[in-house]
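> Pasting a predicted model and its sequence here:
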Amino acid sequence: MQDLIASSLKFQNNTLMVLDQYLLPHQQVWHECRDVKTMRELILSLKIRGAPLIGLGASLLIAYLAEQDTTKAVLAQAIDDLEATRPTAVNLMHCMAKLRVALQQQDYVAEVINTAVKLFNEDIALCEKMATHGAKLVNSGDNILTHCNTGALATAGIGTALGVIYKAQQRHGDIHVWVDETRPLLQGGRLTAFELERWQIPYTLICDNMAASLMAAGKVDKIFVGADRIAANGDFANKVGTYNLAVLAHFHDIEFYVVAPLTTLDINTACGKEIEIEQRNGAEVRGVSGSFGEALWAPTNAKVYNPAFDVTPAKLITGWVLDTGVYSQADIKRGALRGF
Ligand SMILES: CSC[C@@H](O)[C@@H](O)C(=O)COP(=O)(O)O
């Protein structure tokens, strides 16, 4: 298989490597992945994360296994096992569905490899298109608030919502970003801050509960976030805390955009209530861990509620920035998403 290189995932010299996003930004450790057990562990522990990237990492592993003369039955089981790791991000299901089709073909080894390569390259192109559409919504001098990490680390390309910010900065040169730290796993504080620093885009890190007062002070012009699944009616699931921002944006009359590729659309899910939300281990809320070690601040057995995502209803969204363009409330009500 040809070499494929992204910020946090690479297939090079026949070796699949994953950058450990749990240890970033203070340690940059790449893990080699040769089997389903390792990839499952990397996904479950969020060492590889972000809706598009999970699907691509799993796909490249299947392609690698196909190249090792793995039987059809074992590959089919591997696809099922990887698909079962995280239930909310539909990109993973999208990739696994494509690979299942490839596996049915006569020359399935070549088909599986071609499909994985195509998915990877397609994601780069989709990011570019979303960013181009989204950047047109940004004005010179805008203060943009974002949540979680939706950048190059989470995709094969420049990212979804953060890709828009990157393009807008290239266009205007004077964008400032408010970065929600994104409790409990701190994807904003660890990863988005790291990426913005690398891209030399001015940013300020805030705790999630500071967004309201910033909005009240008139310091947020627009909000851009990513999505893990967009239902047919435009409701979408994204990192927990996104819904809070949408409600706050509505109250303060601030534009709120969701940015996602067509691989995030799930027209078989009618509305947000039908999206399965991943529940995670309580330890993530009782304390924090990372390259610095572990800290526990709550009582060891404190009862915890820890959904990884929440659902934002369509009525709170100003625009859906997809690779095919920007869609308004009216477009969505007309059923624009069902057309894909
Ligand atoms: C391009 S990323 C879009 C989403 O996947 C992102 O906003 C998000 O919620 C990631 O969650 P994570 O749990 O870190 O995988």
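Done, it's in. Everything quoted here is computed from the prediction, not taken from an experiment.

> from the protein, which residue is nearest to the ligand?
Proximity of the chain to the ligand (C-beta to the nearest ligand atom) peaks at G226, 2.8 Å away. From N, CA and C alone the C-beta is placed, and that goes for glycine too.

> Kindly check the end-to-end length of stretch 225-240 for me.
Terminal residues of stretch 225-240 are spaced 11 Å apart (C-alpha to C-alpha, to the nearest Å).

> Repeat that for stretch 279-296.
End-to-end distance (C-alpha to C-alpha), stretch 279-296: 20 Å.

> Can you tell me what sits against that stretch?
22-24, 26-27, 183-186, 190, 297-300, 302-308 (C-beta atoms under 8 Å, 6 or more residues apart in numbering).

> Could you give the average pLDDT over stretch 203-214?
Averaged over stretch 203-214, pLDDT sits at 98.

> gap between the two ends of that stretch?
When the termini of stretch 203-214 are compared using C-alpha to C-alpha, they are 14 Å apart.

> roughly how far is that stretch from the heart of the chain?
Taking C-alpha atoms, centre = their mean, to the nearest Å, one finds the center of stretch 203-214 at 21 Å from the center of the full chain.

> so does the top helix by length along the chain get close to the ligand?
As assigned by DSSP state H, the longest helix anywhere in the chain is helix 108-135. No. Judged by C-beta under 6 Å from any ligand atom, helix 108-135 stays clear of the ligand, getting no closer than 8.6 Å.

> for stretch 260-272, same thing?
No. Judged by C-beta under 6 Å from any ligand atom, stretch 260-272 makes no contact with the ligand; its nearest approach is 6.9 Å.

> Give me the buried positions along that stretch.
260-266, 269, 272 (16 or more other C-beta atoms under 10 Å).

> got a list of contacts for it?
Residues contacting stretch 260-272 (C-beta under 8 Å, 6+ apart): 51-52, 55, 89-91, 94-95, 122-123, 126-127, 130, 160, 226-233, 235-237, 275, 311-314, 320-324, 337-338, 340.

> Which elements pack onto the longest helix of the chain?
Counting contacts by 3 or more C-beta pairs under 8 Å, 6 or more residues apart in numbering; DSSP states H and E, helix 108-135 is packed against strand 4-5, helix 51-67, helix 72-83, helix 90-103, helix 161-172, strand 255-259, strand 319-322, strand 325-327.

> can I get those in a markdown table with mean pLDDT, mean neighbour count and distance to F194?
Shown next, in a markdown table, are the helices and strands packed on helix 108-135 (pLDDT from 0 to 100; neighbours: other C-beta atoms under 10 Å; distance: least, C-beta to C-beta, whole Å):
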| stretch | mean pLDDT | mean neighbour count | distance to F194 |
| --- | --- | --- | --- |
| strand 4-5 | 98 | 15 | 18 |
| helix 51-67 | 98 | 26 | 15 |
| helix 72-83 | 98 | 17 | 27 |
| helix 90-103 | 98 | 21 | 22 |
| helix 161-172 | 98 | 24 | 11 |
| strand 255-259 | 98 | 24 | 19 |
| strand 319-322 | 98 | 25 | 23 |
| strand 325-327 | 97 | 17 | 28 |
